[in-house]
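1. model this:
(one chain, ligands or ions: 1)
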Amino acid sequence: MDLLTANSDRITRNYLDSLLIETRYIDSTLADSHMELFGERFDTPIMTAALSHLGNTAPDGMKIYADGAAKAGALHWVGMGSYEELEEIVSTGARTVKIVKPLENNDEIIKELKHAEDAGCIAVGMDIDHAFDGKGGYDNVFGIPMKAKTAKELKNFVESVNIPFIVKGVMSPSDAAKCVEIGAAGIQVSHHHGMIDYSVPPLMALPGILQAVDGRIPVFVDCGFESGMDVYKALALGAKAVSIGRHLMPLLKDGSDAVADRIKDMDAELRGIMCRTGISDLSSMDPSVIHKTLY
Ligand SMILES: Cc1cc2nc3c(=O)[nH]c(=O)nc-3n(C[C@H](O)[C@H](O)[C@H](O)COP(=O)(O)O)c2cc1C
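-> Modelled structure (predicted):
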């Protein structure tokens, strides 16, 4: 196997770059990119991604990342981490989605979900794609055993909290349909920065997933988004909002203002292309502006 060819991040970047945009100037106005989600208002549909262990990137990295999202008026996502760390993140004022790992121990999962609810998170969820290790077994993350979840187990998690539950790592219409059935409040289309080689790029998977979901729950995406233009393509194709992780990580050492400024710059670029394509707000997005290169 050619490792470079197989790399899902590279395939995803190439797919994003293969999507082209037509302009629509006549009757266009300036654009508004604010987002309504779960009864709250955000300044942008650009969200942070569910990262973890950012202390390895910058001292206090997890808090800086959250503070950056809060300062940009963006919805913040967070991955694996301690109860204390989550409490610190929420204390920045960032409206936070906590993504819990598919731990083997379901009681621990429910404890984590309830803690996130009590801590004031706007939503919770699970990265279902972290169940296997790719070598024929279940995954083990920093010594903690994982296990794949059944639809019944996921439904139980959904019902264990009174805040929205989002399933992260959905890449197929069949998983998407199951998410709707179990009462999930949203889906994140994500290959988890290349959990498998040769993954379908999220924006290639998106149309089939949207068809399966049929407007019943919002569909978010992540993986490889680096600009307002990238975000625009996802929104035009029907995503509700886009998470950005690794692109923001190098800014953590410069502090939360640098993170916030980059999110705001990308949002400005997004609005810039919205008005050039006749899109005045997020509810007017139109997939027919997107063309796919033939090569
Ligand atoms: C350092 C790091 C830590 C991550 N930790 C988690 C995690 O704990 N939970 C999770 O669901 N995803 C985790 N992710 C995956 C991200 O949420 C995201 O799906 C992935 O990085 C793709 O987005 P990006 O290309 O914008 O980084 C992590 C990614 C990175 C780079």
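
2. burial of Arg41, as a residue count?
-> A count of nearby residues for Arg41, using other Cβ atoms under 10 Å, gives 10. Glycine gets a C-beta too; all of them are placed from N, C-alpha and C.

3. contacting residues for the closest residue to it other than its chain neighbours?
-> Taking Cβ to Cβ, 6 or more residues apart in numbering, and ignoring the residues beside it in sequence, Arg41 has His34 as its nearest neighbour in space, at 6.1 Å. For His34, the contacting residues are Arg41, Phe42, Asp43, Thr44, Asp281, Leu282, taking Cβ atoms under 8 Å, 6 or more residues apart in numbering as the criterion.

4. from those residues, which single one is nearest Pro218?
-> The nearest member of the contacts of His34 to Pro218, counting by Cβ to Cβ, is Leu282 at 11.1 Å.

5. Report pLDDT for the residue nearest to Arg41.
-> At His34, the pLDDT value in this model is 98.

6. same check, this time on the one 10 residues further on
-> Each residue has a pLDDT score; the one for Thr44 is 99.

7. I'd guessed it sits against Ala72; true?
-> Yes: applying Cβ atoms under 8 Å, one finds Thr44 in contact with Ala72, separated by 6.6 Å.

8. Overlap in contacts, those two.
-> Between them, Thr44 and Ala72 share the neighbouring residues Ile263, Lys264, Asp267, with contact defined by Cβ under 8 Å, 6+ apart.

9. And the first one, how close does it get to Val189?
-> Summarising the geometry, the distance separating Ile263 from Val189, computed by Cβ to Cβ, to the nearest Å, is 20 Å.

10. next one: Ile122
-> Going from Ile122 to Val189 by Cβ to Cβ gives 20 Å.

11. Identify the residues contacting Ser18.
-> Neighbour list for Ser18: Lys292, Thr293 [criterion: Cβ under 8 Å, 6+ apart].

12. Output the helix or strand Ile64 falls within as CSV, nothing but the C-alphas.
-> Of the helices and strands defined by DSSP states H and E, Ile64 is found in helix 61-71. Coordinates of the C-alpha atoms in helix 61-71 are reproduced here as CSV (Å, rounded to 0.1, in the frame of the first residue of the first chain):
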residue,chain,number,x,y,z
GLY,A,61,-3.7,24.8,26.0
MET,A,62,-7.2,23.4,26.7
LYS,A,63,-8.2,26.6,28.5
ILE,A,64,-6.7,28.9,25.8
TYR,A,65,-8.5,26.9,23.1
ALA,A,66,-11.9,27.3,25.0
ASP,A,67,-11.3,31.0,25.7
GLY,A,68,-10.5,31.6,22.1
ALA,A,69,-13.8,30.1,21.0
ALA,A,70,-15.7,32.1,23.7
LYS,A,71,-14.0,35.4,22.5
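
13. Remind me what that helix packs against, helices and strands.
-> Counting by 3 or more Cβ pairs under 8 Å, 6 or more residues apart in numbering; DSSP states H and E, the packing neighbours recorded for helix 61-71 are strand 46-48, strand 76-78, helix 83-90, helix 256-276.

14. So which other helices or strands are in contact with the first one?
-> Right, the one you point to is strand 46-48. helix 61-71, strand 76-78, strand 241-244, helix 256-276.

15. Quick one: distance of the first one to the chain centre.
-> In this view, helix 61-71 has its centroid 16 Å away from the chain centroid, taken as Cα atoms, centre = their mean, to the nearest Å.

16. Point me to the residue of the stretch 1-150 of the chain nearest the ligand.
-> The minimum distance from the stretch 1-150 of the chain to the ligand, using Cβ to the nearest ligand atom, falls at Gly79 (2.1 Å).

17. Could you pull up the residues touching that residue?
-> Shown here is Gly79, whose contacts under the criterion Cβ under 8 Å, 6+ apart are Ala50, Leu51, Ser52, Ile99, Lys101, Asp127.
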